[in-house]
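Peer 1: Fold the following for me, if possible:
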Amino acid sequence: MKAVRYIQTLGSVRNYYRSMNEIFSTAFGKAHMLHYPFYLKENETLEERQNNLVDHCLTYIGDLKGKHMLEVGCGNGLNCHYIDLTYGAEHITGIDLNQENLAIARTHHENERIRFIHDNAQELKNIPDQSVDVMICIESAFHYPDKNAFFKQISRVLKPEGVFLIVDIVRSPGDAGKSLWFWKKQKLLFHADEKEYRQYSSGNNLIFQQVENITDRIIRGYEGHLSWIKRTNMNLVHYLLMKIFTGLQVRLNVAQLRSHKQYMLFYGRHANSA
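Peer 2: Below is the predicted model of the structure:
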């Protein structure tokens, strides 16, 4: 049964996130963020390296006190929870399309400062015009088929002096994105490249003030990954399955980043406020 759950991560995007939430809870006894790890130093845990990525992103944004932050693609809500505890934004709104992730977020992380809403990144129907000081989107935009519509919404909901930050897995130069087409369809993978990102931004009166390639830090983030899995409350068969699954997942993620994908950070604002 556990093997079936691991295999399901290769199926639809819904199965992927359901399975990953269950696997993290089994392996670590609690939920984890759903994005890649970011390396800072040796012998870090997966949780520390996932926190590192959020911290690195927020170095571009600065003080969040008194700010309204919107996270697009908030997943299970742990990013919002970590930002609330660590950086103290006045209010955080997380939106996601996946109702199962939102159920986890609402159950464990919603409070008087954080709310979670079911919404589409390409529409943001529940977010008023010019209502957001800071918008972040961490490792979610590659699921959006119409990224130009997403950027149009960023331009609409940001306050005149607001800022946005996106980290995404993008196509490397020369990658046409046509391989494994069936798997990409099942997982809703719509990778753009850096040139297309710049076009989406400029076409919606937005400007990137900083673009950073952090691929190397993400690849190094997987160093020591086999030490992350401990045999706690797991029988031997389950423990070995978890080790095998982790190794395969890491190999897949690292292989794509070394061959035809890049992990990029885009930070910007309205063009007329730069």
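Peer 1: contacts, neighbours, all on C-alpha from now
Peer 2: OK.
Peer 1: where exactly do the strands run in the stretch 151-274 of the chain?
Peer 2: Under the criterion DSSP state E, counting those that start in this stretch, the stretch 151-274 of the chain contains strands at 158-171, 206-213, 261-270.
Peer 1: Switch the ones you listed over to TSV; also include distance to Arg115 and mean pLDDT.
Peer 2: Below are the strands of the stretch 151-274 of the chain laid out as TSV (distance: least, Cα to Cα, whole Å; pLDDT from 0 to 100):
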stretch	distance to Arg115	mean pLDDT
strand 158-171	18	97
strand 206-213	27	98
strand 261-270	24	97
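Peer 1: Ok, which of the ones you listed comes nearest His108?
Peer 2: Taking Cα to Cα, strand 158-171 is the member of the strands of the stretch 151-274 of the chain nearest to His108, at 24.8 Å.
Peer 1: Tell me which residues of the closest one come out buried.
Peer 2: 158-160, 162-171 (16 or more other Cα atoms under 10 Å).
Peer 1: and if you look at stretch 32-48?
Peer 2: For stretch 32-48, by 16+ other Cα under 10 Å, it's His32, Met33, Leu34, His35, Tyr36, Pro37, Phe38, Tyr39, Leu40, Glu44, Thr45, Leu46.
Peer 1: hmm, back to that, any chance of JSON lines for the strands of the stretch 151-274 of the chain, columns distance to Ser131?
Peer 2: Output for those, formatted as JSON lines (distance: least, Cα to Cα, whole Å):
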{"stretch": "strand 158-171", "distance to Ser131": "6"}
{"stretch": "strand 206-213", "distance to Ser131": "16"}
{"stretch": "strand 261-270", "distance to Ser131": "14"}
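Peer 1: Out of the ones you listed, the one nearest Pro145 is which?
Peer 2: Judged by Cα to Cα, the one of these that comes nearest to Pro145 is strand 158-171, at 13.1 Å.
Peer 1: Using PDB, write out every CA atom in the closest one.
Peer 2: In PDB, the C-alpha atoms belonging to strand 158-171 read as follows (Å, rounded to 0.1, in the frame of the first residue of the first chain):
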ATOM      1  CA  LEU A 158      -0.300  45.300  -6.400                       C
ATOM      2  CA  LYS A 159      -0.400  48.700  -4.800                       C
ATOM      3  CA  PRO A 160       1.500  51.400  -6.800                       C
ATOM      4  CA  GLU A 161       4.600  50.900  -4.600                       C
ATOM      5  CA  GLY A 162       4.100  47.100  -4.200                       C
ATOM      6  CA  VAL A 163       6.600  44.500  -5.100                       C
ATOM      7  CA  PHE A 164       6.400  40.900  -6.300                       C
ATOM      8  CA  LEU A 165       8.800  37.900  -6.200                       C
ATOM      9  CA  ILE A 166       8.500  34.700  -8.100                       C
ATOM     10  CA  VAL A 167      10.800  31.600  -7.900                       C
ATOM     11  CA  ASP A 168      10.100  29.100 -10.600                       C
ATOM     12  CA  ILE A 169      11.600  26.200 -12.500                       C
ATOM     13  CA  VAL A 170      12.100  27.500 -16.100                       C
ATOM     14  CA  ARG A 171      13.400  26.100 -19.300                       C
END
